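*Asks:* sequence below, structure please.
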Amino acid sequence: MIKLFVLIYLLVFSCCATAQQLTIITENAPPNSFIENNRLTGKSVEIVQAVLKEIGMAGHDIVIYPWARGYRMLERQKNIVLFPTSRTAYRENLFKWAGPISDNPVNLYKLKTRKDIKPLRLDDLKKYRVGSTRNDQKSQYLLSRGFDVQLVNEDRQNIGKLFLGRIDILPYAAARLSYDLKLYGHDPGQIEKIWHLEEISSHNYAAFSPSTDDQIVEKFQRGFDAIQKKGIQDRILKKWEKRLQEKEEGS
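*Replies:* Presented below is the predicted three-dimensional model:
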């Protein structure tokens, strides 16, 4: 009996110790994740924090890194969690997953003044300069389709390049576009959608480095399932939807 107790204790302790060693990473990407009043907040952040509370890890640190750095860590290091990460076919077997966090429609955009850009099919856009972020789903997909993609470390750099005429096409998550354009001093009315990237408009998840203990990933999944069942996730999403609508109306 004592041996059985010791074995159970060691298993539980090992699982908990591994959980505490997790490095949970997000990027500066409003409205999903950003610093406001010296505090990390955002739609995705609040959902992950609710999961952490549900699984007994409330207060676990979440750090902000540029997307490219966080993705490299996810690929190369142990016990890394990166969110929100689009769960695409390309990435499916590269990482372990828990979620979903939210949906993530992705489109291609251009300046309205570029009357010459009128695609009838996606491949019509291959002759134009496209800007995207290293190791994100948009660049991975477009490169796989044969596009010549100019890569940067952060999405905001591509916004600047579009308005400076250094790229012609901007792939972007629809939920973030208007927010980011205003944040960096640009008028959303100056750009327009030209193509919806259906194949990569998937849900966002928390991605775990492949060496992460399955018990930890399963624990997070139970947390996601619980906050969905309790309506917590839906309340967070609706709260942020209302906040963004109010911001749009007040701008």
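
*Asks:* and stretch 37-52, how far from the chain's centre?
*Replies:* With CA atoms, centre = their mean, to the nearest Å as the basis, stretch 37-52 stands 13 Å off its chain's centre.

*Asks:* how about stretch 189-208?
*Replies:* The answer for stretch 189-208 is 11 Å, by CA atoms, centre = their mean.

*Asks:* now do that stretch: distance from first to last residue.
*Replies:* 38 Å (CA to CA, to the nearest Å).

*Asks:* buried residues in that stretch?
*Replies:* In terms of neighbour count (16 or more other CB atoms under 10 Å), stretch 189-208 has its buried residues at 191, 194-195, 197, 200-202, 204-208. C-betas here are computed from N, CA, C, even on glycine.

*Asks:* again, but for stretch 39-54
*Replies:* 40-52, 54.

*Asks:* can you give the contact residues for that stretch?
*Replies:* 24, 26, 29-35, 58-60, 62, 64, 83-84, 98, 101-102, 204, 206, 220, 222-224, 226-227, 232-233, 236-237, 240 (CB atoms under 8 Å, 6 or more residues apart in numbering).

*Asks:* what's the mean pLDDT across it?
*Replies:* Stretch 39-54 shows a mean pLDDT of 97.

*Asks:* can I get that stretch in CSV, CA atoms only?
*Replies:* Extracted as CSV, the C-alpha positions of stretch 39-54 are listed here (Å, rounded to 0.1, in the frame of the first residue of the first chain):
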residue,chain,number,x,y,z
ARG,A,39,-1.0,44.6,-17.9
LEU,A,40,-1.2,41.8,-20.4
THR,A,41,-4.7,41.5,-21.7
GLY,A,42,-6.6,40.6,-24.9
LYS,A,43,-9.2,38.2,-26.1
SER,A,44,-6.9,35.2,-26.4
VAL,A,45,-5.1,36.0,-23.2
GLU,A,46,-8.2,36.1,-21.1
ILE,A,47,-9.3,32.7,-22.5
VAL,A,48,-5.9,31.1,-21.8
GLN,A,49,-5.9,32.7,-18.3
ALA,A,50,-9.4,31.2,-17.7
VAL,A,51,-8.0,27.8,-18.7
LEU,A,52,-5.1,28.2,-16.4
LYS,A,53,-7.4,29.0,-13.5
GLU,A,54,-9.6,26.0,-14.4
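
*Asks:* let's have the chain start at 182 instead
*Replies:* Sounds good: first residue 182 from here, last item stretch 220-235.

*Asks:* from the middle of its chain, how far away would that stretch be?
*Replies:* 13 Å.

*Asks:* what do you get for stretch 390-405?
*Replies:* Here the centre of stretch 390-405 is set off from its chain's centre by 18 Å, with CA atoms, centre = their mean.

*Asks:* would you say I205 is within a strand?
*Replies:* Yes - per DSSP: H, G, I helix; E, B strand; the rest coil, I205 lies within a strand segment.

*Asks:* tally of neighbours for it?
*Replies:* Counted by other CB atoms under 10 Å, the residues lying close to I205 total 21.

*Asks:* thinking again about what came up before, can I get the buried residues of stretch 370-389 in a markdown table including pLDDT?
*Replies:* Below are these laid out as a markdown table (pLDDT from 0 to 100):
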| residue | pLDDT |
| --- | --- |
| I372 | 97 |
| I375 | 98 |
| W376 | 98 |
| L378 | 96 |
| I381 | 91 |
| S382 | 91 |
| S383 | 85 |
| N385 | 95 |
| Y386 | 98 |
| A387 | 98 |
| A388 | 98 |
| F389 | 98 |
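
*Asks:* mind listing which of these are in strands?
*Replies:* Among the buried residues of stretch 370-389, the residues falling in strands (DSSP state E) are 372, 375-376, 385-389.

*Asks:* ok, and for stretch 251-270, which residues are buried?
*Replies:* The neighbour-count check on stretch 251-270 (16+ other CB under 10 Å) flags 251-255, 260-269 as buried.
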